[in-house]
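what's the 3D shape of this:
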Amino acid sequence: MTVGENIRRIRKARGLTIKELGDLIGVSESYVRAYETGRRNPKASSLQIIADALAVNVEVLKNSDFDGITAMHRLFQIFRQYGGKLVELPDPESGSTSIAVTFDSLALMRSWFLRFEEYEQEIEYANSIKNNLERGNALLDAEEAFDLWMDMYPQLDDDPTLLQIQEQHDAVLNHLGSHPNEN
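This is a model prediction of the structure:
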């Protein structure tokens, strides 16, 4: 998704009109509309203001369309920084295997896993609904709720202890010079 598409998606998820978001960030409706349609791209400082107004991490708004090679390099960075390990997971039903990444020092993965389990239960329940329209709506609702959780993370997380643990770990890495500084 483009920056503008992400801004629009999050704005709508937060129940804000274009005017309301403009008021929050101190720009006109036409500026917000230009951002959302891609006619204008917000500068880094403006993007941070928008992210703050929408209560999301600025990374959520950045252009998220990238190819497989870019995805791999992002995974490589996370892998190095958080003690990644690759594991092979056999699937006895299909006879194939999948590759998964585990992390020694990314404590925040636990909350994601727990929320994903909840999402899977919501999907299972939705799939049990007999009425096609109700089932479709329940599936969409489950997906939207999970997407919103990921967008708002860690604000919607139920376990602030994990966030504190991760912040302490990142502080140690910063002190050792092993953690990239965010500019």
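
three-state assignment of Val101?
strand (DSSP: H, G, I helix; E, B strand; the rest coil).

which regions of this structure sit below the pLDDT cut-off?
Counting by pLDDT under 70, the chain shows low-confidence ranges at 155-183.

Spell out the residue ranges of the strands in it.
Under the criterion DSSP state E, strands of the chain are mapped to 84-90, 97-103.

Select, out of those, the one closest to Asp52.
Asp52 sits nearest to strand 97-103 of all the strands of the chain, at 28.0 Å, using CB to CB. C-betas here are computed from N, CA, C, even on glycine.

Distance check, Tyr119 against Trp112.
To Trp112, Tyr119 is 10 Å away according to CB to CB, to the nearest Å.

Show me the one of the strands of the chain that comes nearest Ser28.
Per CB to CB, nearest to Ser28 of these: strand 97-103, 43.5 Å.

List of residues touching the lengthiest helix in the chain?
Criterion DSSP state H: the longest helix present in the chain is helix 132-152. Applying CB atoms under 8 Å, 6 or more residues apart in numbering, the contact partners of helix 132-152 are 10, 13, 55-56, 60, 112, 115-116, 119, 122-123, 125-127, 129, 156.

same deal with stretch 39-56?
Contacts of stretch 39-56 (CB under 8 Å, 6+ apart): 3-4, 7, 10-11, 14, 16, 21, 24-26, 31, 34-35, 57-58, 60-62, 151-152, 155.

Now do that stretch: distance to the chain's middle.
What separates the centre of stretch 39-56 from the centre of its chain is 16 Å, taken as CA atoms, centre = their mean, to the nearest Å.

Can you point out the buried residues in that stretch?
Arg40, Pro42, Ser46, Leu47, Ile49, Ile50, Ala51, Ala53, Leu54, Val56 (16 or more other CB atoms under 10 Å).

what about Ala138, distance to Phe146?
Taking CB to CB, one finds Ala138 at 13 Å from Phe146.

still on that earlier bit, which of the contacts of stretch 39-56 count as buried?
By neighbour count, with 16+ other CB under 10 Å, the contacts of stretch 39-56 hold 3-4, 7, 10-11, 14, 16, 21, 24-25, 31, 34-35, 57, 60-61, 151-152 as buried.
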